[in-house]
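Engineer: show me how the following folds:
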Amino acid sequence: MIACEENLEKALWLAHEVEVLAQLYLSTLAITDPVPVLDDEAIAIVLEKFKTYGLRIEE
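Structural biologist: Take a look at the predicted model:
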């Protein structure tokens, strides 16, 4: 995996998030196949919430 960000701390945070989501996907796949996905309306809500999600570093 390659994680690129503004600085090392943010890149490590992003890499960890991808690893957590990959584990969640694999765990869900063990329960049900195919893995359920969100509809367009739910995706729009999630994208709005993601605007303020994540590592915040004051520089």
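Engineer: going forward, measure contacts and count neighbours with C-alpha atoms only.
Structural biologist: Will do.
Engineer: low-confidence ranges, the chain, go.
Structural biologist: 55, 57-59 (pLDDT under 70).
Engineer: how about the helices of it, start to end?
Structural biologist: Per DSSP state H, the chain carries helices over the ranges 8-31, 40-50.
Engineer: just name the most buried of those helices.
Structural biologist: helix 8-31 (a mean of 13; mean count of other Cα atoms under 10 Å).
Engineer: about what we covered before: dump the helices of the chain into JSON lines; add distance to I2 as well.
Structural biologist: Converted to JSON lines, those look like this (distance: least, Cα to Cα, whole Å):
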{"stretch": "helix 8-31", "distance to I2": "8"}
{"stretch": "helix 40-50", "distance to I2": "21"}
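Engineer: of all those, which one is nearest R56?
Structural biologist: Comparison of the helices of the chain against R56 by Cα to Cα identifies helix 8-31 as nearest, at 8.5 Å.
Engineer: quick one: contacts of that closest one?
Structural biologist: M1, I2, A3, C4, E5, V35, L55 (Cα atoms under 8 Å, 6 or more residues apart in numbering).
Engineer: from those residues, which would you call buried?
Structural biologist: For the contacts of helix 8-31, a neighbour count by 16 or more other Cα atoms under 10 Å gives an empty buried set.
Engineer: pull the most distant pair out of these.
Structural biologist: With distances taken as Cα to Cα, the most widely separated pair in the contacts of helix 8-31 is E5 and V35, at 28.8 Å.
Engineer: nice, that's everything, thank you.
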